[in-house]
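Participant: below is the sequence, then the predicted model.
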Amino acid sequence: MTLIALVSAKGSPGVSTAALAFTLTWPAPTMLAECDPAGGDLLAGYLSRYELPTNRGVLPLASSALRGTAEQDLAGNLIDLDSPRQQRMALPGLTEPSQSSSLNLAWTSLGDLFARMTGSTVLADCGRLAAANAPWALLGRADLVLLTVRARSLRTVSPAVSAVGAMRRELPPGFVESSVGLLLVDSGISGRDISRNLGVPVVASLPWDTGSAAALAGEGRGRRRAPLMKAAAAAYDSVCTALAVSRPEASRRDTERLPVIR
Ligand SMILES: Nc1ncnc2c1ncn2[C@@H]1O[C@H](COP(=O)(O)OP(=O)(O)OP(=O)(O)O)[C@@H](O)[C@H]1O
Ligand SMILES: [Mg+2]
């Protein structure tokens, strides 16, 4: 239905934290797909306290994609983050970054699969664009790419300039203008200035909230009403607005809205 990819330029501005916060708080069915070639965080982080099967995830699904069976095999590779409701699902990422080259041939079919999925908004954590084996073919199939920027100062924003340049080179003509937006984290400088410098609109902002971020990394318990979780939930409407502008056919809100988990 809707594929939203989250990326960063370099550094660790909080892409994985934001993707998980969106997955857990948006008022619609979601699926977090860990597509970062540097590896996934969920199994060793947020889900580390559970005994979960380790043979599920993007790597076996990529093999299925190459065999042409990804659609049938998708459900068996997911983990229910809100069991047993199956409304907030996750596709765990690589456990070994050295496996990332073997995903290269599968990104086109996985991107098509995620973009076609009915009933869920797929949030793909695609990691750093400067990394080897970035999933460009998947990004080109996204309805919206959120370039995540730690906006503390001009120094933390500057790597985003080359990331926007790389997107202009690697993605289809006009894609950056229509389908890329900024997700600002820890914004200490004006969003309008950042947007003007990068030529990309600001879609949403998330605050710096170490307690919630630690809980999302599996350390301690988070609170639904904490600043990061409230801002993540509020970002849903801004993202829907950005989708309506970028790709009108992809902007349909999910008809089923979920109650907020407390
Ligand atoms: N909004 C936030 N408030 C406080 N801490 C945060 C926030 N977002 C992320 N962090 C912390 O910053 C660190 C990096 O976060 P995260 O792993 O989400 O970044 P990333 O961009 O996915 O990095 P990488 O490219 O290494 O995967 C973690 O320790 C995380 O807990
Ligand atoms: Mg990450």
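Facilitator: Cool, got the structure. Residues are numbered from 1 along each chain as shown. Ligands and ions are numbered 1, 2, ... in the order given.
Participant: for the rest of this, base every contact and every neighbour count on C-alpha atoms.
Facilitator: Noted.
Participant: any idea how far the residue nearest to I194 when sequence neighbours are not counted lies from C126?
Facilitator: Leaving out its chain neighbours, the residue that sits closest to I194 by Cα to Cα, 6 or more residues apart in numbering is V157, at 7.6 Å. Using Cα to Cα, to the nearest Å, V157 is found at 19 Å from C126.
Participant: V203 now?
Facilitator: V203 is 18 Å from C126, where distance means Cα to Cα.
Participant: the more surrounded of those two?
Facilitator: More crowded of V203 and C126, by other Cα atoms under 10 Å: C126, with 28 against 23.
Participant: what residues does the helix or strand where the more buried one lies touch?
Facilitator: Per DSSP states H and E: C126 is located in strand 121-128. For strand 121-128, the external contacting residues (Cα atoms under 8 Å, 6 or more residues apart in numbering) are 1-11, 15-16, 19, 23, 28-38, 114-115, 134-135.
Participant: what residues does the stretch 51-200 of the chain have near ligand 1?
Facilitator: Within the stretch 51-200 of the chain, the positions lying close to ligand 1 (Cα under 6 Å from any ligand atom) are 127-128, 185.
Participant: same thing but 8 Å
Facilitator: 125, 127-128, 148, 185-186 (Cα under 8 Å from any ligand atom).
Participant: can you classify the nearest residue to S205 once chain neighbours are set aside by secondary structure?
Facilitator: What sits nearest to S205 in space, not counting adjacent residues and going by Cα to Cα, 6+ apart, is L184, at 4.5 Å. Here L184 is recorded as strand under DSSP: H, G, I helix; E, B strand; the rest coil.
Participant: okay, buried residues for stretch 73-91 please.
Facilitator: For stretch 73-91, the neighbour count (16 or more other Cα atoms under 10 Å) marks 73-74, 77-79, 81, 87-91 as buried.
Participant: the residue nearest to S205 contacts S153, doesn't it?
Facilitator: No: contact status for L184 versus S153: not in contact, 11.4 Å apart, counting by Cα atoms under 8 Å.
Participant: those two - which one has more neighbours?
Facilitator: In this view L184 and S153 are compared by other Cα under 10 Å, and L184 has more residues nearby, 26 against 14.
Participant: contact partners for that one?
Facilitator: Residues near L184 by Cα under 8 Å, 6+ apart: 148-151, 191, 202, 204-206.
Participant: rerun at 7 Å
Facilitator: 148-151, 204-206 (Cα atoms under 7 Å, 6 or more residues apart in numbering).
Participant: most neighbours, which of those residues?
Facilitator: T148 (30 neighbours).
Participant: now do the helix or strand harbouring it against strand 121-128, angle only.
Facilitator: Element membership of T148 [criterion: DSSP H and E] is strand 144-150. Relative orientation of strand 144-150 versus strand 121-128 (axes from the mean of the first three to the mean of the last three Cα atoms, to 10 degrees): 50 degrees.
Participant: starting at the chain centroid, how far to strand 144-150?
Facilitator: Relative to its chain's centre, strand 144-150 lies at 9 Å (Cα atoms, centre = their mean, to the nearest Å).
Participant: now swap in stretch 28-35 and tell me
Facilitator: Taking mean C-alpha positions (Cα atoms, centre = their mean), stretch 28-35 and its chain are 7 Å apart.
Participant: do stretch 234-246 as well
Facilitator: Chain-centre distance of stretch 234-246: 14 Å, with Cα atoms, centre = their mean.
Participant: go on, stretch 89-101?
Facilitator: For stretch 89-101 - counting by Cα atoms, centre = their mean - the centre lies 14 Å from the chain centre.
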